[in-house]
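S.K.: sequence-free structure coming up:
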């Protein structure tokens with residue numbers, strides 16, 4: 001379990017280092033996920049352990065939001081001043097994300113055939 005958590009942290013750290021050294025326009029966490037994906041493609045024996053660890057982390061995900069929630073609570077003055085704008089920005093960006101995701105899904109789903117079905121030659 002410790003090895004799998006270490007792998008996650010190493011990929012995250014490597015992604016951050018690559019981002020800072022190269023100036024790539026991608027966040028370090030995204031670069032780290034790509035590195036993790038490449039690692040899992042080349043070293044498939046890690047998948048079972050990593051699946052168990054990520055399952056545990058996902059099950060306890062709410063605990064990881066506690067520090068962020070405390071940080072938000074400490075910014076009461078800023079929230080009282082800019083809170084409405086923040087809420088509007090989050091709502092609009094969420095709706096746009098949902099709309100774009102639905103449109104992309106519709107476009108991709110229209111191009112592919114369901115498995116097992118063949119086109120009729122007639």
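M.R.: Looks like it arrived, so ask away. Everything numeric in this text was worked out from a predicted model, so none of it was measured. Residues are numbered from 1 along each chain as shown.
S.K.: where does residue 24 land in three-state SS?
M.R.: Residue 24 falls in the coil class when you classify it by DSSP: H, G, I helix; E, B strand; the rest coil.
S.K.: how far away is it from residue 96?
M.R.: 25 Å (CB to CB, to the nearest Å). Placement of C-beta: from N, CA and C, glycine included.
S.K.: so those two - more neighbours on which side?
M.R.: residue 24 (13 against 10; other CB atoms under 10 Å).
S.K.: give the contact list for the more buried one.
M.R.: Residue 24 sits next to 18, 31 when contact means CB atoms under 8 Å, 6 or more residues apart in numbering.
S.K.: swap the cut-off to 10 Å and go again
M.R.: 15, 18, 30, 31 (CB atoms under 10 Å, 6 or more residues apart in numbering).
S.K.: of those residues, which is the most crowded?
M.R.: Busiest of the contacts of residue 24 [other CB under 10 Å] is residue 15, holding 22 neighbours.
S.K.: which pLDDT value does the model give it?
M.R.: Looking at residue 15, its pLDDT stands at 93.
S.K.: beyond whichever strand or helix holds it, next helix or strand please.
M.R.: Using DSSP states H and E, residue 15 sits in helix 2-22. Using DSSP H and E, the helix or strand that directly follows helix 2-22 along the chain is helix 28-42.
S.K.: chain center to the longest helix seen in the chain, what's the gap?
M.R.: Looking across the chain with DSSP state H, the single longest helix is helix 76-111. Computed by CA atoms, centre = their mean, to the nearest Å, the chain-centroid distance of helix 76-111 equals 16 Å.
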